[in-house]
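Colleague: Here is a sequence with its predicted model. Questions after.
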Amino acid sequence: MPLSIVILAAGQGKRMRSDRPKVLQPLAGRPLLGHVLDAAAELGADAIHVVYGHGGEAVRDAFAGRPLGWALQAEQHGTGHAVMQAMPAIPDDHQVLVLYGDVPLVRPRTLEALLARAGERSLALLSVMLEDPSGYGRVLRDNAGNVYRIVEQKDANRKELSVREANTGLLAAPAAALRRWLAGLSNDNAQAEYYLTDVVALAVRDGFKVEAVVAPTVAEVLGVNDRAQLAALEGEYRRLRTAELLAAGVTLLDPARVDVRGPVRCGRDVVIDVNVVLEGEVELGDRVVVGPGCVLRDVTVGADTVLHPYCVAQDAAIGERCSVGPYARLRPGARLLAGAHVGNFVELKNATLGEGSKANHLTYLGDTTVGREVNVGAGTITCNYDGANKWPTVIEDGAFIGSGSMLVAPVTVGRGATIGAGSTITRPAPRGALTLERSRQQTLAGWERPKKADAEARSQQIERGRLPPDPDAS
């Protein structure tokens with residue numbers, strides 16, 4: 001059957017105590033709803049509809065680039081009422097899968113198993129076995145094990161509260177039947193809301209088979225209602241992702257102190273030290289070593305490269321056999337070719353460091369192209385910004401840039417040229433020549449360094465009006 005997915009994302013999340021809508025709260029650097037949308041996208045649905053409400057425009061704007069249908073739930077009257085808002089856009093011959101925007105870790109293969117149990121005359125719901133199901137609706141079965149009803153916590157009696165099988169809220173049902181059941185819902189309950197879970201009893205009444213698929217793990221069906229639950233899911237997400245890396249052969253010196261916040265591809269014999277954060281899409285080649293405290297976002301790193309401690313790289317490409325850091329920063333557009341070295345307190349932005357070239361100390365290279373086997377001395381700065389526009393600097397193969405130099409863009413340093421230490425270069429430096437620019441050094445005989453006046457002399461000068469009163473004096 002064709003598939004339509006409905007994601008409920010209208011909740012305000014008052015317990016988060018935040019101006020940000022709950023489904024936009026970040027988990028592993030991405031909104032909660034983003035994780036759910038990614039899982040839904042893997043199912044090949046014909047349409048994905050998001051029911052939004054609180055902070056609606058912010059939610060829509062956050063996912064403006066995705067092909068989604070949007071249904072407004074202006075007033076929240078329960079989960080059944082929320083699904084009603086999306087149903088007008090769903091054809092009767094579709095299967096409907098209902099997900100929640102604050103249940104971010106559900107896996108596509110679990111949803112596939114759920115859909116496999118739904119059909120034209122059956123409804124499938126996802127349940128979970130909990131040691132303490134407090135707060136969850138209970139899945140009630142008859143003596144033959146058939147599901148006949150879901151009862152919410154506030155409406156359950158003592159016997160029903162003892163049931164450990166809990167309802168997650170995720171379900172799949174044929175659209176035509178679901179539309180009919182939703183129209184028959186009542187809000188005669190403890191919360192005066194239209195419960196989506198009440199469609200289970202209506203399905204049984206109509207002779208539909210109700211299948212309960214038990215989730216393989218508790219973590220993937222946990223929702224988020226407050227900061228504590230969000231932090232717990234952050235830890236669970238970290239555990240899942242580091243387990244994947246370990247299974248792939250990556251050495252993590254302490255899996256509890258590595259954060260993986262996006263897809264990571266690793267070669268063989270990769271080593272990642274403690275307190276490393278990997279965000280976005282990260283690719284680490286064979287035998288890459290990532291030192292402690294590094295933060296990598298949307299970065300590729302070639303084989304046999306070492307990132308020393310406390311480096312930060314974003315939207316950067318690092319080649320093979322490079323050495324980076326410690327304390328280096330590679331900003332968007334930074335490219336290191338094979339064998340390049342970037343040392344401590346060096347920053348690159350939209351700059352390429354050629355094969356075998358080095359910038360080892362206290363240097364800024366912005367909008368710069370550096371050729372092969374170039375040595376950039378300590379304290380070198382490319383002055384690329386004039387207050388309105390960015391300008392390029394080109395340093396050709398084999399050049400040597402002396403320490404403390406300023407290269408005022410646009411400027412070119414020719415092949416094999418040498419720039420004398422302490423120079424400010426504003427015009428092209430010719431190939432193979434020494435170029436330097438310095439003011440004359442002078443020594444002034446008889447000059448004495450100013451001395452601090454003693455307290456009595458200062459007091460006299462204040463009395464005579466030669467110095468202002470000391471504001472710190474009592």
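Modeller: Arrived safely.
Colleague: contacts and neighbour counts: CA atoms only from here.
Modeller: Fine.
Colleague: Just give me the neighbour total for Glu57.
Modeller: 11 (other CA atoms under 10 Å).
Colleague: which SS class is it?
Modeller: Classification of Glu57 using DSSP: H, G, I helix; E, B strand; the rest coil returns helix.
Colleague: Which stretches in this protein count as helices?
Modeller: 32-41, 56-62, 79-86, 108-116, 158-161, 175-183, 199-205, 227-247, 455-463 (DSSP state H).
Colleague: and the fifth one, C-alpha only, in CSV?
Modeller: Coordinates of each C-alpha in helix 158-161 appear next as CSV, following Å, rounded to 0.1, in the frame of the first residue of the first chain:
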residue,chain,number,x,y,z
ARG,A,158,-5.1,-0.9,39.9
LYS,A,159,-5.0,-4.2,38.0
GLU,A,160,-4.4,-2.3,34.7
LEU,A,161,-1.6,-0.3,36.3
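Colleague: Name the residues of it that come out as buried.
Modeller: By neighbour count with 16 or more other CA atoms under 10 Å, helix 158-161 contains the buried residues Glu160, Leu161.
Colleague: name the helices or strands packed onto that helix?
Modeller: strand 138-141 (3 or more CA pairs under 8 Å, 6 or more residues apart in numbering; DSSP states H and E).
Colleague: roughly how far out does the strand it packs on sit from the chain middle?
Modeller: 38 Å (CA atoms, centre = their mean, to the nearest Å).
Colleague: go on, stretch 277-286?
Modeller: 13 Å.
Colleague: average model confidence for that stretch?
Modeller: Stretch 277-286 shows a mean pLDDT of 96.
Colleague: Which residues does that stretch contact?
Modeller: With contacts defined as CA atoms under 8 Å, 6 or more residues apart in numbering, stretch 277-286 is touched by 29, 258-270, 293-304.
Colleague: Please pick the buried ones from those.
Modeller: Looks like the contacts of stretch 277-286 have 258-262, 264, 266-267, 269-270, 293-304 buried, using 16+ other CA under 10 Å.
Colleague: show me the contacts for the nearest residue to Gly333 once chain neighbours are set aside.
Modeller: Distances taken as CA to CA, 6 or more residues apart in numbering put Asn350 closest to Gly333, at 3.9 Å, once the chain neighbours are dropped. Asn350 sits next to Arg331, Pro332, Gly333, Ala334, Arg335, Gly366, Asp367, Thr368 when contact means CA under 8 Å, 6+ apart.
Colleague: before we move on, back to that, nearest to Thr412, of the helices of the chain?
Modeller: Closest approach to Thr412 among the helices of the chain is made by helix 56-62 (42.8 Å; CA to CA).
Colleague: what helices or strands is the closest one leaning on?
Modeller: Contacts defined by 3+ CA pairs under 8 Å, 6+ apart place helix 56-62 against no helix or strand at all.
Colleague: list the buried ones in that helix?
Modeller: Quick answer for helix 56-62 (16+ other CA under 10 Å): Gly56, Val59, Arg60.
Colleague: swap in stretch 135-155?
Modeller: Tyr136, Gly137, Arg138, Val139, Leu140, Val147, Tyr148, Arg149, Ile150, Val151, Glu152, Gln153.
Colleague: Tabulate those (TSV), appending pLDDT and distance to Ala201.
Modeller: Formatted as TSV, the buried residues of stretch 135-155 follow (pLDDT from 0 to 100; distance: CA to CA, whole Å):
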residue	pLDDT	distance to Ala201
Tyr136	90	17
Gly137	90	14
Arg138	94	13
Val139	94	11
Leu140	94	10
Val147	91	9
Tyr148	91	6
Arg149	90	5
Ile150	91	7
Val151	91	10
Glu152	87	13
Gln153	89	16
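Colleague: ok, back up a step: wait, which of the buried residues of helix 56-62 is closest to Phe345?
Modeller: Nearest member of the buried residues of helix 56-62 to Phe345, counting by CA to CA, is Val59, at 39.0 Å.
Colleague: Nearest residue to that closest one in space, please, no chain neighbours.
Modeller: Leu24 is the one closest to Val59 (CA to CA, 6+ apart), at 6.9 Å.
Colleague: Check the gap between that neighbour and Arg60 for me.
Modeller: For Leu24, the distance to Arg60 equals 10 Å [CA to CA, to the nearest Å].
Colleague: swap in Leu32?
Modeller: For Leu32, the distance to Arg60 - CA to CA - is 14 Å.
Colleague: follow-up on the earlier one: now do the residue nearest to Gly333, the pLDDT please.
Modeller: 98.
Colleague: Show me which of the buried residues of stretch 135-155 is closest to Ser127.
Modeller: Looking across these and measuring by CA to CA, the closest to Ser127 is Val139, at 7.4 Å.
Colleague: That closest one pairs with what?
Modeller: Ile150 (DSSP bridges).
Colleague: OK, contacts around it?
Modeller: Ser127, Val147, Arg149, Ile150, Val151, Val163, Glu165, Ala166, Asn167.
Colleague: and with 10 Å instead?
Modeller: By CA atoms under 10 Å, 6 or more residues apart in numbering, the contact set of Val139 is 125-129, 146-152, 160, 163-168, 197, 200, 212.
Colleague: now swap in Ala378 and tell me
Modeller: 343-346, 359-364, 401-405, 421 are the contacts of Ala378 under CA under 10 Å, 6+ apart.
Colleague: Which parts of this protein belong to which domain?
Modeller: Using automatic domain parsing, the domain parsing of the chain gives 3-221, 243-435.
Colleague: How much space separates the spatially closest residue to Leu115 that is not a sequence neighbour from Ser439?
Modeller: Spatial nearest neighbour of Leu115, excluding adjacent residues (CA to CA, 6+ apart): Ala172 at 6.3 Å. When distance is defined by CA to CA, Ala172 is 79 Å away from Ser439.
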